[in-house]
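Undergrad: Need coordinates for the below:
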Amino acid sequence: MYLYRVTPGFADPPLCTVHELETVYTLDHLANFHEILDLLQAARAKAEREMKRQRETSNRRGRR
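TA: The predicted structure is shown next:
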């Protein structure tokens, strides 16, 4: 499963280049990058849930 995880070099937008991952950054940096990616994913999921809730609320209002 870990192999399918988005890496900092292939994120959108990229947090760094693959070359930088291989030459500049340490494992601590990589762990921080993955934490950032996890936070971004959680924020997107929360925004999608909120948008869905708002659409459902507006649909219910239109039916009354």
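Undergrad: What residues sit buried inside the top helix by length along the chain?
TA: When the chain is parsed with DSSP state H, its longest helix is helix 27-63. Neighbour counts over helix 27-63 (16 or more other Cβ atoms under 10 Å) mark Phe33, His34, Leu37 as buried. For glycine as for every other residue, the C-beta is placed from the backbone atoms N, C-alpha and C.
Undergrad: Okay, now the unreliable bits of this structure?
TA: Along the chain, the model assigns pLDDT under 70 to residues 1-6, 62-64.
Undergrad: Would you point out which residue is most central in it?
TA: Gln41 (2.6 Å; Cα atoms, centre = their mean).
Undergrad: Distance check, that residue against Arg53.
TA: 19 Å (Cβ to Cβ, to the nearest Å).
Undergrad: what's the answer for Asp38, then?
TA: Asp38 sits 23 Å away from Arg53, taking Cβ to Cβ as the criterion.
Undergrad: Report the secondary structure state of Pro8.
TA: With DSSP: H, G, I helix; E, B strand; the rest coil as the basis, Pro8 sits in coil.
Undergrad: OK, contacts around it?
TA: The contact partners of Pro8, by Cβ atoms under 8 Å, 6 or more residues apart in numbering, come to Pro14, Leu15, Cys16, Leu21, Leu30, Phe33, His34, Ile36, Leu37.
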